[in-house]
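Colleague: below are the sequence and a predicted model for it; my questions follow.
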Amino acid sequence: MALTYTFEINSVQKQSNDVVTDAVMVINYRKIGTDPETGRMGVWHGQQEFTMEQVDPTGFIAWENLTEQNLIDWVQANYEEAFVNAQIQGDIDTMISMESRTEVQWADLPWNDGVAPSEEEVAEGP
């Protein structure tokens with residue numbers, strides 16, 4: 001089943017110059033992938049950086065008019081979606097793999113007779 005994805009903006013860094021005020025220069029974000037059948041989640045933490053040269057004064061959105069969706073749109077236009085999605089899926093696959101593991105204690109290892117070695121035998125080593 002396909003994952004469902006959500007974005008969250010965690011923080012930003014802004015900068016001003018002679019042309020624009022409070023331009024977003026860095027966006028720190030999370031992309032969360034959720035398996036709707038199992039509820040398992042994988043998370044990608046990312047950072048998108050911009051330079052002042054990339055800021056278009058004619059299409060500039062003033063700080064007070066910015067929305068979270070504006071920033072999400074900027075991130076989505078500038079990141080490797082297939083790579084990020086594969087990392088998120090990998091996190092979920094690792095969780096599934098770890099859940100199916102069974103830990104076996106020393107006494108239950110097939111080469112042991114269930115009797116722990118004495119402290120002297122441990123100190124002597126092999």
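Modeller: Arrived safely, thanks for sending.
Colleague: find the residue at the geometric middle of the chain.
Modeller: Central residue of the chain (CA atoms, centre = their mean): Trp44, 1.9 Å from the mean position.
Colleague: next up, phi/psi of it, please.
Modeller: Main-chain torsions, Trp44, degrees, to the nearest 10: phi -110, psi 130.
Colleague: relative to Gln15, how far out is it?
Modeller: Counting by CB to CB, to the nearest Å, the separation of Trp44 from Gln15 is 25 Å. C-beta coordinates here come from the backbone N, C-alpha and C atoms, glycine included.
Colleague: can you tell me which helix or strand of the protein has the lowest average pLDDT?
Modeller: Sorting the helices and strands of the chain by mean pLDDT, DSSP states H and E puts helix 119-124 at the bottom, at a mean of 71.
Colleague: what count of nearby residues applies to Gln75?
Modeller: Heads up, residue 75 is Val, not Gln. Neighbours of Val75 under the rule other CB atoms under 10 Å: 19.
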